[in-house]
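Chemist: structure of the sequence below:
(one chain, ligands or ions: 2)
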Amino acid sequence: MIRFLLGHSLSVRLLWLTIVVVLMVEVLAFVPAMGRARHDWLVQHVRSGQIAILTAAAVPGGEIDPGLRDTLLSLCGAVSVRLDVPGQPSLVLRSGAVGAAVPVENLRRETALEEMRRALGALVHQGGGLLRVEAASPLAPEATIEIVFNQNTLDADLRAVADDIGTVSVLVALTAGVLMYLALHALLVRPMHRIIGSIVAFRTDPERANPIDPEAVAPLANDEIAAASRELAALQRELRGALWRNARLAALGAAMSRTSHDLRGILSPALLAAERLQTHDDPKVSHAGEVLVRAVEGATDLIRRTVEFAREGPPALRRAPLELSRVVEEAIEQVHATAPGLHIESEIPPATRVDGDAGELVRVFANLLRNAGEAGAGHVVVSAIAIGGEIAVTVSDDGPGLPAAVREALFHPFVTGGRRGGSGLGLAIAHDLVRAHGGDLVLLQSGAAGTSFRLTLPRDTGADGKPA
Ligand SMILES: Nc1ncnc2c1ncn2[C@@H]1O[C@H](COP(=O)(O)OP(=O)(O)O)[C@@H](O)[C@H]1O
Ligand SMILES: [Mg+2]
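Modeler: Ligands and ions are numbered 1, 2, ... in the order given. As a prediction, this is how the structure comes out:
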């Protein structure tokens with residue numbers, strides 16, 4: 001129990017906070033309440049004094065019996081009572097002499113602030129003494145009634161009132177605190193624990209842990225906790241799906257690499273035979289041999305690239321300042337070796353320098369250019385401009401545009417437009433490589449008139465930190 005009350009949980013802290021705040025509010029309300037209680041006490045005694053003195057004045061003959069007089073005085077809690085009506089002799093009811101040195105309080109002129117100060121004074125006042133109070137008579141405002149009483153009686157009554165208020169305050173604070181605690185526990189702390197539990201379980205075993213059930217977490221359907229648990233559930237579902245897909249992809253990669261090894265073994269006699277056919281005297285036969293060699297090499301190459309992709313981790317870049325036009329020229333040379341008819345124009349301004357890995361960037365451009373040629377473009381233009389700290393390169397062709405099916409998941413692996421021999425890896429790899437450089441590869445536009453890709457690369461800032 002002690003450990004619970006000293007705990008660090010949100011609800012225990014709020015329990016204490018509520019108790020303290022309610023007690024502070026009670027203390028603020030306590031002072032005016034005490035002032036009021038003292039005022040009411042005095043008004044009550046003035047009234048009783050008025051009744052007593054009128055009773056005494058009504059005695060026939062005007063002489064009051066001392067026994068009756070003491071009874072009247074003790075009933076109204078006073079030592080002496082006096083009524084002054086202007087133009088009439090004063091009426092006095094008293095059992096003994098009252099010293100003139102008794103301090104006088106005039107209720108007519110008492111402010112609320114004085115009421116509170118005197119009430120608090122009464123709570124700490126020690127010892128007895130008499131108090132003389134003057135007030136307007138309840139019967140006629142111009143008449144003055146004055147009563148003298150023992151201060152002890154007022155002090156004792158006010159202390160009793162203070163005791164009552166104090167007890168009630170503590171009870172109210174405790175009740176408010178406990179109610180607050182229960183409400184917060186149900187609305188906030190318990191749902192929070194469930195969310196934390198789900199996060200921990202998910203972190204421990206993300207592939208098997210069940211996503212959180214938002215319905216079971218939050219008692220209210222529309223609050224922030226409910227929104228948080230819905231988002232968490234969505235995140236967990238998506239992450240789990242991605243992990244499952246990755247696991248499958250890894251298994252596929254392993255299977256492919258075995259298959260590729262076996263397939264190369266199976267195909268090597270075919271390749272040998274085809275190469276022998278290539279050297280045949282009959283041109284028709286040697287041509288058939290060439291076709292066969294290309295087909296077999298194409299098949300093994302496709303499998304090799306797929307396996308490499310599955311194995312490949314994030315590329316380790318060997319970055320250096322590069323002349324972009326040189327990189328593009330090299331890519332053009334590579335592409336021309338297989339597609340001599342494709343007309344490629346490089347419009348890259350001289351001294352456009354990027355910070356990157358030459359080999360990997362050549363691979364990226366060769367991929368884009370080769371794709372254009374394979375799609376049937378006759379003309380490709382590569383241009384570049386510097387934008388801030390980046391170089392934006394555009395590769396535009398006059399080909400037939402991207403097939404609709406490809407556009408949906410253009411940069412995903414294994415997405416092809418149905419071209420025979422394509423692996424669907426070119427754009428996925430190019431995209432990964434550009435991103436590894438800190439840039440991005442996007443499709444600018446694609447239609448019947450051609451396709452444009454835009455890639456951004458970090459500008460080489462040179463040794464002095466300024467763009468070269
Ligand atoms: N410039 C382009 N014009 C038309 N289609 C293209 C172009 N570039 C890519 N594509 C389409 O995108 C598909 C995916 O390209 P890629 O990832 O390089 O795989 P692959 O070339 O191995 O098929 C291609 O099969 C092709 O259909
Ligand atoms: Mg390609």
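Chemist: can we go C-alpha only for contacts and neighbour counts from here?
Modeler: Noted.
Chemist: contact partners of the one helix or strand E114 maps to?
Modeler: If you go by DSSP states H and E, E114 is part of helix 112-124. With CA atoms under 8 Å, 6 or more residues apart in numbering as the test, helix 112-124 has contacts from 31-32, 34-36, 38-39, 154-155, 158-159.
Chemist: write out the residues of the protein neighbouring ligand 2.
Modeler: 371, 426 (CA under 5 Å from the ion).
Chemist: in the stretch 1-150 of the chain, mark out all the helices, start to finish.
Modeler: 2-5, 10-57, 66-75, 112-124 (DSSP state H, counting those that start in this stretch).
Chemist: nearest to ligand 1, of those?
Modeler: helix 10-57 (52.8 Å; CA to the nearest ligand atom).
Chemist: restricted to buried residues, select the contacts of helix 112-124 in PyMOL.
Modeler: Only the buried entries of those go into this PyMOL selection, using 16 or more other CA atoms under 10 Å:
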select buried, resi 31+32+34+35+38+39+154+155+158+159
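Chemist: nearest to V170, of the contacts of helix 112-124?
Modeler: V31 (15.7 Å; CA to CA).
Chemist: to what extent is the nearest residue to that closest one once chain neighbours are set aside buried, counted in neighbours?
Modeler: In space, and not counting its chain neighbours, V31 is closest to M116: 6.2 Å by CA to CA, 6 or more residues apart in numbering. M116 sits with 21 neighbouring residues when counted by other CA atoms under 10 Å.
Chemist: sorry, back to before: can you say which of the helices of the stretch 1-150 of the chain is nearest to Q334?
Modeler: helix 10-57 (65.4 Å).
Chemist: angle of that closest one against helix 112-124?
Modeler: 100 degrees (axes from the mean of the first three to the mean of the last three CA atoms, to 10 degrees).
Chemist: and of the contacts of helix 112-124, the nearest to R311?
Modeler: V31 (79.0 Å).
Chemist: where does the residue nearest to the spatial centre of the chain land on pLDDT?
Modeler: Central residue of the chain (CA atoms, centre = their mean): A228, 8.8 Å from the mean position. Per-residue pLDDT puts A228 at 92.
Chemist: cool, and S74?
Modeler: So S74 comes in at 90 (pLDDT).
Chemist: count of neighbours near it?
Modeler: 14.
Chemist: how about I385?
Modeler: When neighbours are counted by other CA under 10 Å, I385 comes out with 15.
Chemist: by contact count, what packs against the helix or strand hosting Y181?
Modeler: Assessed by DSSP H and E, Y181 sits inside helix 151-184. Packing partners of helix 151-184 (3 or more CA pairs under 8 Å, 6 or more residues apart in numbering; DSSP states H and E): helix 10-57, helix 112-124.
Chemist: hmm, 6 Å instead?
Modeler: Secondary-structure packing of helix 151-184 (3 or more CA pairs under 6 Å, 6 or more residues apart in numbering; DSSP states H and E): helix 10-57.
Chemist: on the three-state scheme, L457 is what?
Modeler: strand (DSSP: H, G, I helix; E, B strand; the rest coil).
Chemist: for the residue nearest to it when sequence neighbours are not counted, grab phi and psi.
Modeler: Closest residue in space to L457, ignoring its immediate chain neighbours: G439 at 4.8 Å, by CA to CA, 6+ apart. Reported as degrees, to the nearest 10, the phi and psi values for G439 are phi -110, psi -160.
Chemist: what is the burial count for G439?
Modeler: 17.
Chemist: show me what contacts the residue in the chain that ligand 2 sits nearest to?
Modeler: For the chain and ligand 2, the shortest gap (CA to the ion) falls at G426, measuring 4.2 Å. Listed by CA atoms under 6 Å, 6 or more residues apart in numbering, the contact set of G426 reads N367.
Chemist: tell me the confidence at it?
Modeler: So G426 comes in at 90 (pLDDT).
Chemist: now it: how far from V364?
Modeler: 8 Å (CA to CA, to the nearest Å).
Chemist: assign G399 to helix, strand or coil.
Modeler: coil.
Chemist: so what does the residue nearest to it when sequence neighbours are not counted have for phi and psi?
Modeler: In this structure, G399 finds its nearest non-sequential neighbour in A377, 3.7 Å apart by CA to CA, 6+ apart. Dihedral pair for A377: phi -70, psi 150, per degrees, to the nearest 10.
Chemist: measure A377 to E347 for me?
Modeler: 18 Å.
Chemist: repeat that for A119.
Modeler: Applying CA to CA to A119 and E347 gives a distance of 94 Å.
Chemist: and the closest residue in space to I344 that isn't next to it in sequence, what element?
Modeler: The shortest distance from I344 to any non-neighbouring residue, by CA to CA, 6+ apart, is to V380 (4.7 Å). According to DSSP H and E, V380 maps onto strand 379-387.
Chemist: partners of that strand in the sheet?
Modeler: strand 343-347 (parallel), strand 390-397 (antiparallel) (DSSP bridges).
Chemist: pull out the buried positions in that strand.
Modeler: 379-384, 386.
Chemist: JSON lines for these, including pLDDT?
Modeler: Shown next, in JSON lines, are the buried residues of strand 379-387 (pLDDT from 0 to 100):
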{"residue": "H379", "pLDDT": "96"}
{"residue": "V380", "pLDDT": "97"}
{"residue": "V381", "pLDDT": "97"}
{"residue": "V382", "pLDDT": "97"}
{"residue": "S383", "pLDDT": "97"}
{"residue": "A384", "pLDDT": "96"}
{"residue": "A386", "pLDDT": "94"}
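Chemist: so, low pLDDT: which residues of the stretch 351-468 of the chain?
Modeler: 419-421, 463-468 (pLDDT under 70).
Chemist: show me the strands in it, by range?
Modeler: Remark: strands assigned in the stretch 351-468 of the chain by DSSP state E, counting those that start in this stretch are 353-356, 379-387, 390-397, 440-447, 450-458.
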